[in-house]
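Colleague: the sequence and its predicted three-dimensional model are supplied below.
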Amino acid sequence: MKNGGHGGADDPFEEGGTSLLRQPKAVWATAGASVVAFMGIGLVDPILPSIARGLHATNSQVSLLFTSYFLITAVAMLVTGFVSSRIGGRKTLLAGLALVVVVFAALSGMSGSVGELVGFRAGWGLGNALFVSTALAVIVGAAAGGSSAAILLYESALGLGMACGPLLGAVLGDMKWRYPFFGTAVLMAVGFVSITAFLKEQPKPATKTSLLAPVRALGHGGLATTATAAFFYNYAFFTVLAFTPFVLNMSPYASGGVFFAWGVLLAVFSVLVAPRLQHRFGSLKVLCASLLLLAADLVVLGYGDHTTAVVCTVLAGAFIGLNNTVFTELALGVSDAPRPVASAGYNFVRWFAAAAAPFLAPKIEEWTDIHLPFVVAAVAAVLGAGTVAVRRRALTLGAEEQAPQHATEDGVTAFAR
């Protein structure tokens, strides 16, 4: 197998064949529900200023909608494997959807204060954690074509959801800021029905997952490196997602259009461009380069005029799409931990950055100026690239050692490079 620094067919992070479109109905049902789940992340982007005005809240208070959501999501990652290994993947998916649909998405739309809305978004984060982490494991386990096809399908759902979320938020939010939350509740209900109809219960693992299994999995050097680099990357990612709407200060329709274009680039680069670049240059080179380009983009975004900020926001989607695909493959393939456990440990670390960025960026602006939050985010992206570069050997050796085991799990033939 090749190390992460060369291109061609020797990338240890590429395994199995791809059969992206020829999938069982259960996979499509899970992927479709995942689209809606990811829509909930960017849904509030175009309406953040509207929510602030409607609830008489400051920018930093409204940004807590992201912080509470991702803080609970991060902590809940320790619970997802514990739950799914006991009640099964299907029931865990349905429980996550039910929490979002029945309780928290609808209640968010009925909030009377920013404090209530922040609290309901925290509960939404719990439901989404149960769903999203389990959905990845279900798709990987049920998809045809091995883990590479499954990851691309999952990233397709992520990209489509990230693109459509702001668009839905803009269309419904232009009428009233509460409507996007009710719209999400309806879509989640559709996802609940499709999972119920098409997904059969997955076999439960032979060994039940303990609450601390994801933390123990982080003892593996390769997975710990991936999670650390992803932590820095996610700080940059969610500075773009959660803070830029305040900087652009556009109408819901205009902001929704910007972030729709951003999401389209994210989807295209994660699904179509990333695999080709990985094949040619190697996963780690692609990851380091895309992180450094994201850092440069953020600096220009922070110091440019309004038009430049719009262009750089959209362009950031391309670099984020590349990073998402490579980081997901690394997290699932670099350690000897079962994939659901490795994914939970990785997400446990990286979502803390997603919680920190929306809170810190407005605070940094209040303490300094509007430019510095983007400089801090750019520094975080550079630190992510530095972590990958310094720990390159641990990442490469880990992926090489685990490739035969993961290929066997996928039902594809492992072969020497």
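Modeller: It's in. Numbers count the residues shown, from 1 in each chain.
Colleague: can we go C-alpha only for contacts and neighbour counts from here?
Modeller: Will do.
Colleague: for Ala242, see how far away the residue nearest to Gly54 when sequence neighbours are not counted is.
Modeller: Among residues not flanking Gly54 along the chain, Trp177 sits closest, at 7.7 Å (C-alpha to C-alpha, 6 or more residues apart in numbering). Trp177 sits 16 Å away from Ala242, going by C-alpha to C-alpha, to the nearest Å.
Colleague: and Ala33, by the same measure?
Modeller: Distance of Ala33 to Ala242, computed by C-alpha to C-alpha: 23 Å.
Colleague: ok, Glu366 next?
Modeller: Distance of Glu366 to Ala242, given as C-alpha to C-alpha: 16 Å.
Colleague: which of these two has more neighbours?
Modeller: A count of neighbours by other C-alpha atoms under 10 Å puts Ala242 above the other of Glu366 and Ala242, at 27 against 12.
Colleague: buried ones in the helix or strand hosting that one?
Modeller: Per DSSP states H and E, Ala242 falls inside helix 221-248. Buried residues in helix 221-248, counting neighbours by 16 or more other C-alpha atoms under 10 Å, are found at 221-246, 248.
Colleague: same check, this time on stretch 295-313
Modeller: In stretch 295-313, counting by 16+ other C-alpha under 10 Å, buried: 295-302, 309-313.
Colleague: stretch 198-217 now?
Modeller: Neighbour counts over stretch 198-217 (16+ other C-alpha under 10 Å) mark 199, 209-211, 213-215, 217 as buried.
Colleague: list of residues touching that stretch?
Modeller: Identification of contacts with stretch 198-217 by C-alpha atoms under 8 Å, 6 or more residues apart in numbering yields 25-27, 29-30, 78-79, 81-82, 85-91, 138, 223, 335, 337, 341-346, 348.
Colleague: go again with 6 Å.
Modeller: With contact meaning C-alpha atoms under 6 Å, 6 or more residues apart in numbering, stretch 198-217 is reached by 26, 78-79, 81-82, 85, 88-90, 341, 344-345.
Colleague: the stretch 201-350 of the chain: strands as residue ranges?
Modeller: Using DSSP state E, counting those that start in this stretch, no strands are assigned anywhere in the stretch 201-350 of the chain.
Colleague: who are the packing partners of the helix holding Ala242?
Modeller: The contact analysis (3 or more C-alpha pairs under 6 Å, 6 or more residues apart in numbering; DSSP states H and E) places helix 221-248 against helix 339-367, helix 372-390, helix 392-410.
Colleague: a markdown table for these, including distance to Ala37 and mean pLDDT?
Modeller: Output for the helices and strands packed on helix 221-248, formatted as a markdown table (distance: least, C-alpha to C-alpha, whole Å; pLDDT from 0 to 100):
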| stretch | distance to Ala37 | mean pLDDT |
| --- | --- | --- |
| helix 339-367 | 16 | 90 |
| helix 372-390 | 26 | 97 |
| helix 392-410 | 25 | 58 |
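Colleague: can I get those in a markdown table with distance to Thr328?
Modeller: Below are the helices and strands packed on helix 221-248 laid out as a markdown table (distance: least, C-alpha to C-alpha, whole Å):
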| stretch | distance to Thr328 |
| --- | --- |
| helix 339-367 | 8 |
| helix 372-390 | 14 |
| helix 392-410 | 13 |
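Colleague: go through those and name the closest to Leu287.
Modeller: Minimum separation from Leu287 across those (C-alpha to C-alpha) falls at helix 372-390, 7.3 Å.
Colleague: so how far is that closest one from its chain's centroid?
Modeller: Offset of helix 372-390 from its chain centre (C-alpha atoms, centre = their mean, to the nearest Å): 18 Å.
Colleague: quick check: buried residues in that helix?
Modeller: Across helix 372-390, burial judged by 16+ other C-alpha under 10 Å covers 372-389.
Colleague: do the same with stretch 117-133
Modeller: Those would be 117-133, for stretch 117-133 by 16+ other C-alpha under 10 Å.
Colleague: also stretch 356-368?
Modeller: 356-362, 364-365.
Colleague: tell me how far Gly169 lies from Ile51.
Modeller: Distance, Gly169 to Ile51, by C-alpha to C-alpha: 12 Å.
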